[in-house]
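[1] this one's structure only:
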Ligand SMILES: N[C@@H](CCC(=O)N[C@@H](CS)C(=O)NCC(=O)O)C(=O)O
C-alpha cells in the first residue's frame with residue numbers, strides 16, 4: 001500500500017491523521033502544503049481537494065478527503081489496528097467525540113488560532129497586499145461554509161471580531177467535557193481504552209499548549225485533562241506527529257503570540273493569572 005499525505009506542520013487535522021497513521025504503523029510520504037502562505041489555493045491542489053484544506057490522503061491513486069473520514073478509511077483497510085472501539089456503545093461514544101470535534105471544536109480552534117497567533121504570522125509572511133489575496137482566495141465551501149468571512153474577520157479584528165469570545169468559551173467547554181469523561185480514574189476518553197476519541201482530541205489540546213495556554217487546564221483547573229495530556233505526551237509517536245513537523249519559526253510565533261494573547265483569553269474565561 002502506498003500512502004501520500006498532503007499536510008501542514010501546524011494543521012490540527014493533518015496532525016490527527018499523522019498520529020493515527022503512526023499508531024497504526026502505516027508509513028506515508030508527505031507533500032507539504034504551507035497553508036499560511038496560501039499553497040492550498042494552487043489550482044492543482046484544489047483539483048484534489050476542492051475545499052482547499054489539508055489533509056488529503058492519496059492511497060494507490062484514490063483520493064480520500066477529511067481527517068475523520070481518512071481515519072475511518074484507514075481503520076477499514078487495517079481493522080486489526082483499528083482505533084475505533086469494537087463494543088457498540090463505546091464506538092457510538094467515540095463517534096460522538098469525533099463528531100463534536102468536526103462540528104464545534106475545529107471551528108473554535110480555527111478562530112482561536114487566527115485570533116491569537118496566525119493573524120500576525122500571515123501578515124508577516126504575506127504583507128498587506130498578499131494578505132488581501134490570501135483572504136480572498138478561500139473558496140465558499142472551506143473549513144466551514146462561513147470560514148471565508150470568519151477567517152477574514154478574525155484576521156483583521158482579532159478579539160474584536162464578532163463571536164471571537166464565544167469561540168474561546170466553546171473551546172473551554174470541550175476541555176470541561178473531557179474532564180468529565182476522565183473522572184473516576186479513566187485514563188482515556190472512551191471505555192478506558194486509547195481510541196480514535198483520544199487521537200482526535202490530542203491536536204486540539206496540543207494547539208493550546210503550543211499557544212502557551214496550558215493555564216486552561218493546569219494549576220488544578222482541570223486535573224484529569226492535565227494528567228491525560230501528560231499521558232499522551234509520553235506516547236512514543238507524540239513528538240514525531242505533533243512537534244517535529246512544525247517549523248521553528250511557526251512554533252515560536254505560536255508560543256510568543258499566544259503568550260501575548262493569554263491575558264485576554266484568561267479574562268474571557270475568568271481565569272485569574
Ligand atoms: N473537515 C476537514 C477540515 C480541514 C481543515 O480545516 N484544514 C485546515 C487546517 S487544520 C486548513 O487546511 N485550512 C486552510 C485555510 O484556512 O485556508 C478535515 O477534518 O480534514
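    Structure's in. What do you need? Only a predicted model underlies this, so the values are computations on that prediction, with no experimental measurement involved.

[2] So the helix or strand hosting residue 57, near the ligand or not?
    Element membership for residue 57 (DSSP states H and E) is strand 56-59. No. Strand 56-59 is not in contact with the ligand by Cβ under 6 Å from any ligand atom; minimum separation 8.3 Å. Using the backbone N, CA and C atoms, a C-beta is placed for each residue, glycine as well.

[3] List the pairing partners of that strand within its sheet, with orientation.
    Using DSSP bridges, strand 56-59 pairs in its sheet with strand 3-7 (antiparallel), strand 62-65 (antiparallel).

[4] Just the buried positions in the first one, please.
    What that stands for is strand 3-7. 3, 4, 5, 6, 7 (16 or more other Cβ atoms under 10 Å).

[5] isn't the first one right up against residue 26?
    In this case it means residue 3. Yes. At 6.3 Å, residue 3 counts as touching residue 26 under the criterion of Cβ atoms under 8 Å.

[6] quick one: pLDDT of residue 250?
    pLDDT recorded at residue 250 is 97.

[7] Distance to the ligand and pLDDT added to the buried residues of strand 3-7, as a markdown table?
    Below are the buried residues of strand 3-7 laid out as a markdown table (distance: Cβ to the nearest ligand atom, whole Å; pLDDT from 0 to 100):
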| residue | distance to the ligand | pLDDT |
| --- | --- | --- |
| 3 | 15 | 98 |
| 4 | 15 | 98 |
| 5 | 11 | 98 |
| 6 | 9 | 98 |
| 7 | 9 | 98 |
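
[8] between these, which is nearest residue 162?
    Nearest to residue 162, judged by Cβ to Cβ, of these is residue 7 at 31.0 Å.

[9] Contacts only, for that closest one.
    Residues in contact with residue 7 (Cβ atoms under 8 Å, 6 or more residues apart in numbering) are 14, 15, 17, 18, 30, 31, 32, 33, 54, 55, 245.

[10] Can you flag the buried ones in those residues?
    By 16+ other Cβ under 10 Å, those give 14, 15, 17, 18, 33, 54, 55, 245 as buried.

[11] In helices, which of those residues appear?
    Among those, DSSP state H puts 14, 15, 17, 18 in helices.

[12] Tell me who's in contact with residue 143.
    51, 53, 106, 107, 110, 151.

[13] among those, which are in helices?
    Going by DSSP H, the helices hold 106, 107, 110, 151 from these.

[14] hmm, back to that, would you format the buried residues of strand 3-7 as CSV with distance to residue 235 included?
    Output for the buried residues of strand 3-7, formatted as CSV (distance: Cβ to Cβ, whole Å):
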residue, distance to residue 235
3, 21
4, 25
5, 20
6, 24
7, 19
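
[15] where do the helices sit along the chain?
    12-23, 43-48, 67-77, 88-100, 106-113, 119-137, 147-157, 164-182, 196-210, 223-233, 238, 248-269.

[16] The second one near the ligand anywhere?
    So that's helix 43-48. No. Helix 43-48 lies apart from the ligand when judged by Cβ under 6 Å from any ligand atom; the minimum separation is 10.1 Å.

[17] Next, the buried residues of that helix.
    Result for helix 43-48 [16+ other Cβ under 10 Å]: buried residues residue 45.

[18] Now do it: which elements does it pack against?
    strand 56-59 (3 or more Cβ pairs under 8 Å, 6 or more residues apart in numbering; DSSP states H and E).

[19] What residues sit buried inside the strand it packs on?
    So strand 56-59, judged by 16+ other Cβ under 10 Å, has buried residues 56, 57, 58, 59.

[20] what residues does that strand touch?
    1-6, 17, 45, 48-49, 63-65, 70, 73-74, 77.

[21] now swap in stretch 211-224 and tell me
    Contacts of stretch 211-224 (Cβ under 8 Å, 6+ apart): 112-113, 116-117, 171-172, 175-176, 178-179, 182-183, 186, 205, 208, 225-226, 229, 254-259, 261-262, 265-266, 269, 271, 273.

[22] Kindly state the pLDDT recorded for the most far-flung residue of the chain relative to its centre?
    Here the centre of the chain is the reference, and by Cα atoms, centre = their mean the most remote residue is residue 129, at 27.7 Å. pLDDT recorded at residue 129 is 96.
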